[in-house]
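A.B. asks: No letters, just coordinates:
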């Protein structure tokens, strides 16, 4: 019959509290302060901000066009507009990645020793808008 206090578990077990072996051989550097990252991003050029703003507008237009195409799937004009938006979006994404050095998805992080995805303000922070 199991002891009710420890549910039949061996309480004499020793737990190994050593830190795990590091998976990557990257230099240890402290995570920068969130305010520092925001200040760096505030210095982002106006060109990058304009590209990001245009990309947000294109993304909104794509979603809106997809909703329209759901209702009217045979509309050739809307389908042409959708493909035009997609090509413009791809051009803006590549311009943003090359000119502004910002990853646009988790698959585009090219750094070996840091995760750059969170190095800029989140969309709800004032400096992002």
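C.D. replies: That came in fine, so what should we check first? It should be emphasised that the depicted structure is a prediction, and the values quoted were computed from it without experimental measurement. Residues are numbered from 1 along each chain as shown.

A.B. asks: going forward, measure contacts and count neighbours with C-alpha atoms only.
C.D. replies: Fine.

A.B. asks: any weak-confidence spans in this protein?
C.D. replies: Where the chain drops to pLDDT under 70, the residues are 1-45, 101-123, 128-129.

A.B. asks: Go again with 90.
C.D. replies: Flagging of the chain using pLDDT under 90 yields the residue ranges 1-52, 93-129.

A.B. asks: Name the SS class of residue 73, please.
C.D. replies: Classification of residue 73 using DSSP: H, G, I helix; E, B strand; the rest coil returns coil.

A.B. asks: Need phi/psi at it.
C.D. replies: Main-chain dihedrals, residue 73, degrees, to the nearest 10: phi -70, psi -20.

A.B. asks: how near is it to residue 65?
C.D. replies: Residue 73 is 11 Å from residue 65, where distance means Cα to Cα, to the nearest Å.

A.B. asks: With residue 87 instead?
C.D. replies: Relative to residue 65, residue 87 is positioned 14 Å away (Cα to Cα).

A.B. asks: So which of the two has more stuff around it?
C.D. replies: Set side by side, residue 87 and residue 65 show more neighbours around residue 65, with 17 against 11, by other Cα atoms under 10 Å.

A.B. asks: In contact with the more buried one, which residues?
C.D. replies: Going by Cα atoms under 8 Å, 6 or more residues apart in numbering, residue 65 touches 78, 81-82.

A.B. asks: In helices, which of these fall?
C.D. replies: Using DSSP state H, the subset of the contacts of residue 65 located in helices is 78, 81-82.

A.B. asks: Tabulate the contacts of residue 65 (JSON lines), appending distance to residue 48 and neighbour count.
C.D. replies: Below are the contacts of residue 65 laid out as JSON lines (distance: Cα to Cα, whole Å; neighbours: other Cα atoms under 10 Å):
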{"residue": "78", "distance to residue 48": "29", "neighbour count": "16"}
{"residue": "81", "distance to residue 48": "25", "neighbour count": "13"}
{"residue": "82", "distance to residue 48": "24", "neighbour count": "19"}
